[in-house]
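Trainee: structure of the sequence below:
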Amino acid sequence: MEQGEHIGKAVGGFSFDLCRRNEMLLKAGLKTPTTRKTGTTIAGLIYKDGVVLGADTRATMGPIVSDKNCEKIHFIADNIYCCGAGTSADTENTTALVSSKLELHRLATGRQPRVITALTLLKRLLFRYQGHVSAALVLGGVDVTGPSLYTVYPHGSTDRLPYVTMGSGSLAAMAIFGA
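Mentor: Next up, the predicted model:
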């Protein structure tokens, strides 16, 4: 499409490009492809002066969408946030517990908490339960050492990387990041 050629044409909306294909599949006695439901996709990346975290908003229970507007980015501290995948109650309670511990730490020390402190609290908590707490987390924040980004797996292991994805949609998201 040449520059400016789209002016005056409808942009967006539903595309009927695959209608003929679906019609041919039905005539041949085959089933048409259906949409594929996946669970959570969470991601993060570091840029020059900060961290970007992102998550989808849909909560599922098997094939059923239970909530279309679920918050998956959790507050840890003023400078630290965390994305959660897994059981929503586990991710919410795990991040709330660590957030309250960091707030007590901030009040006791009078200093902003470091991201590595939040990471240590999270991985110790999750390791204690050996993966029975279903919380896969992407932890990101900025402190005196600069921007930091970590993945925290449900059994407590961690990775520090410049960009990360987790959840059932992580392979598709990582393909986009790697391209």
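
Trainee: where does this protein dip in pLDDT?
Mentor: 1-17, 35-38 (pLDDT under 70).

Trainee: tell me the centre residue of it?
Mentor: The C-alpha lying nearest the average C-alpha coordinate of the chain belongs to residue 42 (CA atoms, centre = their mean; 1.3 Å).

Trainee: which non-adjacent residue is nearest that residue?
Mentor: Spatial nearest neighbour of residue 42, chain neighbours left out: residue 83 (3.8 Å); criterion: CB to CB, 6 or more residues apart in numbering. C-beta coordinates here come from the backbone N, C-alpha and C atoms, glycine included.

Trainee: quick one: strands adjacent to the helix or strand the residue nearest to the centre of the chain falls within?
Mentor: Assigned by DSSP states H and E, residue 42 belongs to strand 41-47. Applying DSSP bridges, strand 41-47 is found paired with strand 50-55 (antiparallel), strand 163-167 (antiparallel).

Trainee: next, format the ones you listed as TSV and append distance to residue 175.
Mentor: Converted to TSV, those look like this (distance: least, CB to CB, whole Å):
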stretch	distance to residue 175
strand 50-55	15
strand 163-167	9
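
Trainee: what's the most buried one of the ones you listed?
Mentor: Counting by mean count of other CB atoms under 10 Å, strand 163-167 has the highest mean neighbour count of the strands paired with strand 41-47, with a mean of 22.

Trainee: check the gap between residue 55 and residue 81 for me.
Mentor: For residue 55, the distance to residue 81 (CB to CB, to the nearest Å) stands at 10 Å.

Trainee: identify the contacts common to these two.
Mentor: Both residue 55 and residue 81 are in contact with residue 73, where contact means CB atoms under 8 Å, 6 or more residues apart in numbering.

Trainee: how long is stretch 158-165 end to end?
Mentor: Across stretch 158-165, the terminal residues are separated by 13 Å (CA to CA, to the nearest Å).
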